[in-house]
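Asker: Just need the structure, nothing else, for what follows:
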Amino acid sequence: MPLLRKIAIRKFDIPRADADALVHDVFATYLANPSNVRDLHPYLIGAICNAARQYRRRDAKEQALFCAAAICEATPPEELVDGVIRNLVINTTLARLGDSCRETLRRFYLAGESAPVIAQSRNTSANYILRLLHYCRQRARTIFAALHEGS
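Answerer: Residues are numbered from 1 along each chain as shown. Next comes the predicted model:
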């Protein structure tokens, strides 16, 4: 037991109280299933090293998450933040457009339907759909500009 504690403290720089807990966990794991162990000494050395490495990984993740630095390792990349903001703005813009504009824009741009196909399903003319698309795009730009100014 002192050897395992010494390995954890000196080799992995684990605090003494935590090293004792790791040693206890290693022994508890061994005692739970001793029939799986052929040679006890190498097993215990390997187990304490693995437990100490796992402790260090967990500690590093916690330090990264709760760091005091201006730019923390846990801070998401700028591209991710920009993407989330862009998606929120687009979703908010579409929500404010209304059902008719939202559905027409979705069908034209996302589903790739042509104006005549949309017009036929709505029992109207292709020119009306083109004017509606123009109006909806203009309205979307206005809403987007208002959202952008508010941020």
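
Asker: any chance you could map the strands in this protein?
Answerer: In the chain, no strands are found when defined by DSSP state E.

Asker: Can you give the domain ranges for it?
Answerer: For the chain, the domain assignment from automatic domain parsing gives the residue ranges 2-65, 78-150.

Asker: Pull out the buried positions in stretch 37-45.
Answerer: Using 16 or more other Cβ atoms under 10 Å as the burial criterion, the residues of stretch 37-45 that qualify are 43, 44. In short, each C-beta sits where N, CA and C put it, glycine included.

Asker: scratch that, stretch 108-115 is what I was asking about
Answerer: Residues of stretch 108-115 classed as buried by neighbour count (16+ other Cβ under 10 Å): 108, 113, 115.

Asker: first to last residue in it, what's the distance?
Answerer: Stretch 108-115 has an end-to-end distance of 7 Å (criterion: Cα to Cα, to the nearest Å).

Asker: returning to what we had before: can you add mean pLDDT and give the domains of the chain back as JSON lines?
Answerer: Shown next, in JSON lines, are the domains of the chain (pLDDT from 0 to 100):
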{"stretch": "domain 2-65", "mean pLDDT": "86"}
{"stretch": "domain 78-150", "mean pLDDT": "88"}
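
Asker: Much appreciated, bye for now.
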